[in-house]
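Colleague: just to be clear, the model below is a prediction. Sequence and coordinates:
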Amino acid sequence: MQHAPADRPSSVPAARTLLGAALAAVLALTATACAGGGRGTGRPAGPVPPTVRSPAAHPSPALPPALTRGQARAALITAADLGEAWEPTRGAATWRDELLKATAGRPDCRRLLDVLYTEDLFGTDAATAPRATAALDDADGGAQLHYRVTSYRAADLDRTLAWLGTLPDACGHFTARAGHGAVRDVRVTGLPLPEAGDARGGLRVTVGEAPPDDATDTGRDTRADTGDQVLTVDLVAVRIGDDAISLTNGTLGEPPDDATRTAVEAGTERLTEARRQGRVQV
């Protein structure tokens with residue numbers, strides 16, 4: 001009689017035991033990770049969100065596209081625009097150092113004199129550097145006209161134009177002192193301009209020898225009475241979009257009004273066309 005083989009212990013219960021232990025370990029690790037990830041933060045574990053910067057940390061808006069050098073040169077006026085007497089300059093006029101190189105006590109008046117001497121109306125940094133310049137002389141009357149094309153933000157250009165508008169009141173009549181000690185008598189008035197561009201501003205500034213103390217009380221301009229040389233300078237700027245033209249037209253005597261007006265009208269038209277051509281090319 002054959003005996004039935006002895007029963008072998010089943011491996012199923014052991015396998016189930018091992019699987020259960022493994023699952024318990026995994027669950028324990030997961031619970032620990034969740035608790036650790038949220039400890040002290042109250043947030044579930046997960047990907048770290050990108051850092052949100054404050055508005056002050058964001059870069060400032062980029063400057064508007066500037067005219068190319070070629071477009072700015074095309075916007076310049078020429079001697080042909082002003083008339084037969086005008087020609088390319090032969091050099092800086094002697095009155096620039098003699099009468100304009102001076103300083104004043106009031107900040108706005110001092111800044112005005114600096115602008116007249118340096119012709120940097122919109123600033124001296126790279127962002128406001130002129131894109132193109134021209135200098136012309138009136139061979140008959142001795143006037144000298146300097147002309148610039150600048151690109152910058154419209155709001156900043158308008159801020160400078162608004163400052164120009166305050167000067168007839170802030171610096172209508174003041175004295176300035178030259179480096180060699182001479183005292184200058186300076187008068188500032190508004191200058192009517194043609195309706196050109198999006199915004200504009202103009203001044204007429206006269207600079208001469210300061211009159212005697214007793215003459216200043218009368219309020220009358222006695223400089224012509226004594227034969228002193230009186231420099232007259234027109235300072236003008238016109239904004240067209242994010243670009244601007246600026247000019248000075250100065251002479252010892254009375255500057256011809258038609259030269260300043262013609263420069264404004266012709267220059268505005270040229271700059272408007274240069275901007276249009278630039279948009280077409282883009």
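Modeller: Structure's in. What do you need?
Colleague: in this protein, which spans are helices?
Modeller: 12-37, 69-74, 79-82, 95, 107-118, 154-170, 213-216, 257-281 (DSSP state H).
Colleague: low pLDDT regions in the stretch 51-200 of the chain?
Modeller: Within the stretch 51-200 of the chain, the segments meeting pLDDT under 70 span 51-65, 126.
Colleague: tell me which stretches of it form strands.
Modeller: All strands of the stretch 51-200 of the chain, identified by DSSP state E, counting those that start in this stretch, fall at 86-88, 102-103, 132-138, 144-151, 173-178, 183-190, 199-209.
Colleague: export these as JSON lines, with columns for distance to residue 238 and mean neighbour count.
Modeller: (Glycine included, C-beta is placed from N, CA and C.) Output for the strands of the stretch 51-200 of the chain, formatted as JSON lines (distance: least, CB to CB, whole Å; neighbours: other CB atoms under 10 Å):
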{"stretch": "strand 86-88", "distance to residue 238": "20", "mean neighbour count": "15"}
{"stretch": "strand 102-103", "distance to residue 238": "27", "mean neighbour count": "18"}
{"stretch": "strand 132-138", "distance to residue 238": "15", "mean neighbour count": "19"}
{"stretch": "strand 144-151", "distance to residue 238": "11", "mean neighbour count": "24"}
{"stretch": "strand 173-178", "distance to residue 238": "26", "mean neighbour count": "17"}
{"stretch": "strand 183-190", "distance to residue 238": "15", "mean neighbour count": "18"}
{"stretch": "strand 199-209", "distance to residue 238": "4", "mean neighbour count": "21"}
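Colleague: of those, which approaches residue 116 most closely?
Modeller: With CB to CB, the closest approach to residue 116 among those belongs to strand 199-209: 6.4 Å.
Colleague: compute the inter-axis angle for that closest one and helix 154-170.
Modeller: Put simply, strand 199-209 runs at 40 degrees to helix 154-170, going by axes from the mean of the first three to the mean of the last three CA atoms, to 10 degrees.
Colleague: of the strands of the stretch 51-200 of the chain, give the one that comes closest to residue 119.
Modeller: strand 144-151 (5.6 Å).
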